[in-house]
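Asks: I would like the atomic coordinates for the input below:
(chains A and B)
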2 protein chains.
Amino acid sequence: MTSNAVPDIVVGRLPIYLRVLNHLIAEGRQITSSQELGDRLGISSAQIRKDLSHFGEFGKQGTGYNVAYLRDQLTEILNVDREWRMVLIGAGDLGHALVHYHRFAEHGFQIAAVFDNDADKIGHKLGEYDVHSIDDLENLVRLHQVEMAIIAVPVAAARDVATRLINLGIKAILCYAPVTLTVPLGVQVQYIDPVAQLQHMAYYQTVEAR
Amino acid sequence: MTSNAVPDIVVGRLPIYLRVLNHLIAEGRQITSSQELGDRLGISSAQIRKDLSHFGEFGKQGTGYNVAYLRDQLTEILNVDREWRMVLIGAGDLGHALVHYHRFAEHGFQIAAVFDNDADKIGHKLGEYDVHSIDDLENLVRLHQVEMAIIAVPVAAARDVATRLINLGIKAILCYAPVTLTVPLGVQVQYIDPVAQLQHMAYYQTVEAR
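Replies: Purely as a prediction, here's the structure:
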């Protein structure tokens, strides 16, 4: 990362902008504005203009943004104008939901192989996937040139799985286990913890009721 | 909310602190420090002290934090020292995973009822739950005194479902549909969008490979 790197919080908003632009395209829209994007997202139009200004000039004062052009530019900036291959570790209920989650493939994120350490699951199907032994992780990550991983195993196993993935050169991990992983510089981890998000909202519930 | 409200980003870190404290308790630990918490979370110890200082004095200089006491205090601050009843809207693959996700109940978030609009699902079981018609939403939310909701329906249905929930007085919504909801002041929404998180990480992948 260079010293004039874009703030991570800005990078994190780009996928949301991309999502809205795709919705606008689906609605047949050709032109939009920072005002409209902001209204749809609950973000100020100034914030949106400032965020986008990190990456170039995408609109003209008074004429707004060309929806398809901005969508294409953001797709390129996010490096999602290509396919990413992922492994999924964990073939439990969560893994089951994830292999059936069509949005991954729709957005270019392909699950290449599924793994578990449970002998009752290995060799069986999870959706359209064969469940492989975690012992085959190294071979299959290399075979399929996998670059990303989804961890959907219990907390007790998550750190070991992450270490193995990182040792294989995986640099992007989506972690559903409720842990915080310690990872080397250059490795990205994003967490999904619905309980933490419910607790976050619970804070405001009683504040208001008081 | 008062004018000296705690920044939302600080509130959002409290569940993560709570998670680490629970892990420490499970390890049999009695005392911890902002340094140790920071190391486990990849956050500076100064940040942790500053975050906690919004809520009071929880440790003494040089002696650290009593783990159980800090855990109990954060539990109370977050209003999660009680049970919250939720409805789950959407009995698809994601809904299936969510009713099997034990961490909700373990942390006091009880799914009271499950709904769908698909005649093939209504009246059938999803895990231990009966799937109710969405037409029964109003009655059952009132009957079970539900205060939170999980939206696990397709994008096309998400806004209408959210509107009905908000009209019923639900003030906390965990939304798995890839939309941004427009909600009145006082209603909290948290989003789970794994595709957005993968795209966020993809940004850094090629930056490094360049």
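Asks: drop to CA atoms for contacts and neighbour counts, all remaining ones
Replies: Noted.
Asks: give the contact list for residue A:19.
Replies: B:178-179 (CA atoms under 8 Å, 6 or more residues apart in numbering or on different chains).
Asks: And the strands in chain A?
Replies: For chain A, the strands defined by DSSP state E cover A:31-32, A:59-60, A:64-66, A:84-89, A:109-116, A:125-126, A:129-133, A:148-151, A:172-175, A:188-191.
Asks: Out of those, which is the most enclosed?
Replies: Most buried of the strands of chain A, by mean neighbour count (mean count of other CA atoms under 10 Å in any protein chain shown): strand A:148-151, with a mean of 26.
Asks: which other helices and strands contact that one?
Replies: Helices and strands touching strand A:148-151, by 3 or more CA pairs under 8 Å, 6 or more residues apart in numbering or on different chains; DSSP states H and E, are strand A:84-89, helix A:155-167, strand A:172-175.
Asks: run the last query once more with 7 Å
Replies: strand A:84-89, strand A:172-175 (3 or more CA pairs under 7 Å, 6 or more residues apart in numbering or on different chains; DSSP states H and E).
Asks: Show me what from chain A comes close to chain B.
Replies: A:11-12, A:15-16, A:40-41, A:77-80, A:93-94, A:97, A:100, A:104, A:172, A:180, A:188, A:190, A:195-197, A:199-203, A:206 (CA under 7 Å from any CA of the partner chain).
Asks: Drop anything exposed from those residues.
Replies: A:11-12, A:15-16, A:41, A:77-80, A:93-94, A:97, A:100, A:104, A:172, A:180, A:188, A:190, A:195-197, A:199-203 (16 or more other CA atoms under 10 Å in any protein chain shown).
Asks: List the ones among the residues you listed that fall in helices.
Replies: Cross-referencing these against helices under DSSP state H gives A:11-12, A:15-16, A:41, A:77, A:93-94, A:97, A:104, A:195-197, A:199-203.
Asks: how is chain A carved up into domains?
Replies: What automatic domain parsing lists as the domains of chain A is A:8-77, A:84-195.
Asks: Columns mean pLDDT on top of these, output as CSV?
Replies: Listed next are the domains of chain A as CSV, based on pLDDT from 0 to 100:
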stretch, mean pLDDT
domain A:8-77, 94
domain A:84-195, 96
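Asks: could I get those domains as TSV with distance to residue B:53?
Replies: Formatted as TSV, those follow (distance: least, CA to CA, whole Å):
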stretch	distance to residue B:53
domain A:8-77	24
domain A:84-195	22
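Asks: Nearest approach to residue B:67 belongs to which of those domains?
Replies: domain A:84-195 (17.5 Å; CA to CA).
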